[in-house]
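In: predicted structure and sequence below. I'll ask about it afterward.
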Amino acid sequence: MSLLMPSRPIVINPDLAYSIGLNEAIALQQVNYWLKETTSGLERDGVRWIYNTNEQWLEQFPFWSESTLKRTFTRLKNLGVLKVEQLNKSQRDMTNYYTINYESELLDEVKVTKSKSSKCTLPSGQNEPMEEVNVERSIRSKRTALIRSNCTDVLTENTTENTTDIKNPICPVAPQPDGDVLITDQAKQVLNHLNQVTSSRYQVSTTSLQNIRARIGEGFTVEELSLVVDYCNAKWSDDLTMAAYLRPQTLFQPTKFPAYLKSATNWANAGRPARVNGKWEREDGIFKSSFKNTDYSKVPAGFRGANS
């Protein structure tokens, strides 16, 4: 039985694949389907968001491994064409919601087409005779002409017919950066930030990068991992016992990181308060810094018992 069955195929625009990569175009087109053709998900501030678990995405992309799926969604997020947020306020609900940044230049048909044209131009003077270079074949010693263009080399035999026009040049697709290399580079950024914040000297190694790369592969960003570093450093750095856990193996372990990130986000939203004597200082209008050094053990003047 043929694999070319009349079932609903995954259709993508070649220009989209050129712009963001083939895997990314496949995934983004499917997100667009859920946003435009279904009523699932939710609407927040006029923007529709949808969600699927990794298992549900893999059912839609059975030809991908889980690592490929995670790398693809991470790259879409880093490119700025996909927005991923955790919209539920519950600390236990870490569900990722997805929407598309339709304003991205990478999705602008006119700009993408113009970019393709600039990278694959025709020879100056389209109707000018093309340069001919005689090439001698080793087998038949037969003369051939090598027709050169900016986009592709075409080898053709000498004939009485002159071909002087190329209407559809063959353009190579722009190479995409290797996913593993991209993740490793981002992991190094996080490790460098950890070293700077905690005055540590963790080396670039498999042990140091393993958990960082895994979290990035799951779709977390460099900014989110760096925020966890800042939060845990503020919380633990003055505690000799806990300070020992300011290390990649602990901060980014899969069972702990989501909770750390949730707490770090709340901490950042509160203005990144300092940690003093094991408690967070508050600067929210209820406890103001101007009262920090007030001595409440003395009776204020004018009250019974006050020293005259």
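Out: Received the coordinates, thanks. Residues are numbered from 1 along each chain as shown.

In: what are the ranges of the strands in the stretch 1-150 of the chain?
Out: Assigned by DSSP state E, counting those that start in this stretch, the strands in the stretch 1-150 of the chain fall at 42-44, 47-49, 82-85, 97-100, 134-136, 143-148.

In: buried set for the fourth one?
Out: This means strand 97-100. Tyr97, Tyr98, Thr99, Ile100 (16 or more other Cβ atoms under 10 Å). Where C-beta positions appear, they are placed from N, C-alpha and C, glycine not excepted.

In: just for the protein, where's the confidence low?
Out: 1-8, 89-94, 114-179, 282-308 (pLDDT under 70).

In: can you give me the helices for it?
Out: Ranges of helices in the chain, per DSSP state H, are 14-20, 22-37, 54-60, 66-79, 109-119, 179-198, 206-217, 222-236, 240-243, 248-251, 257-269.

In: out of those helices, which comes closest to Gly46?
Out: With respect to Gly46, and counting by Cβ to Cβ, the nearest of the helices of the chain is helix 22-37 at 13.1 Å.

In: could you check the angle helix 179-198 makes with that closest one?
Out: Here helix 22-37 runs at an angle of 80 degrees relative to helix 179-198 (axes from the mean of the first three to the mean of the last three Cα atoms, to 10 degrees).

In: what residues of helix 22-37 count as buried?
Out: Asn23, Glu24, Ala25, Ile26, Ala27, Leu28, Gln29, Gln30, Val31, Asn32, Trp34, Leu35.

In: with distance to Arg213 added, can I get these in CSV?
Out: Shown next, in CSV, are these (distance: Cβ to Cβ, whole Å):
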residue, distance to Arg213
Asn23, 18
Glu24, 19
Ala25, 24
Ile26, 23
Ala27, 20
Leu28, 23
Gln29, 27
Gln30, 25
Val31, 24
Asn32, 29
Trp34, 28
Leu35, 30
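
In: returning to that earlier point: would TSV of the helices of the chain with distance to Gly46 be doable?
Out: What follows is the helices of the chain, written out as TSV (distance: least, Cβ to Cβ, whole Å):
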stretch	distance to Gly46
helix 14-20	25
helix 22-37	13
helix 54-60	25
helix 66-79	21
helix 109-119	24
helix 179-198	31
helix 206-217	30
helix 222-236	25
helix 240-243	43
helix 248-251	36
helix 257-269	22
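
In: which of those helices sits closest to Val276?
Out: Here helix 222-236 is closest among these (Cβ to Cβ), at 10.6 Å.

In: just the C-alpha atoms of that closest one, please, in CSV.
Out: Extracted in CSV, the C-alpha atoms of helix 222-236 (Å, rounded to 0.1, in the frame of the first residue of the first chain):
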residue,chain,number,x,y,z
VAL,A,222,18.8,31.6,29.2
GLU,A,223,17.0,34.5,30.9
GLU,A,224,14.9,32.1,33.0
LEU,A,225,17.9,30.0,34.1
SER,A,226,19.9,33.1,34.9
LEU,A,227,16.9,34.4,37.0
VAL,A,228,17.0,31.2,39.1
VAL,A,229,20.7,31.8,39.6
ASP,A,230,20.1,35.3,40.9
TYR,A,231,17.2,34.3,43.1
CYS,A,232,19.0,31.3,44.7
ASN,A,233,22.1,33.3,45.2
ALA,A,234,20.1,36.1,47.0
LYS,A,235,18.4,33.4,49.2
TRP,A,236,21.3,31.1,50.0
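
In: other SSEs contacting that helix?
Out: helix 179-198, helix 206-217, helix 240-243, helix 248-251, helix 257-269 (3 or more Cβ pairs under 8 Å, 6 or more residues apart in numbering; DSSP states H and E).

In: so which bits of it are buried?
Out: Neighbour-count burial for helix 222-236 [16+ other Cβ under 10 Å]: 222, 224-236.

In: residues contacting it, please?
Out: Under the contact criterion Cβ atoms under 8 Å, 6 or more residues apart in numbering, helix 222-236 has outside partners 186, 189-190, 193-194, 197-198, 212, 215-216, 242-243, 245-246, 251-252, 257, 260-261, 263-265, 267-268, 272, 274-275.
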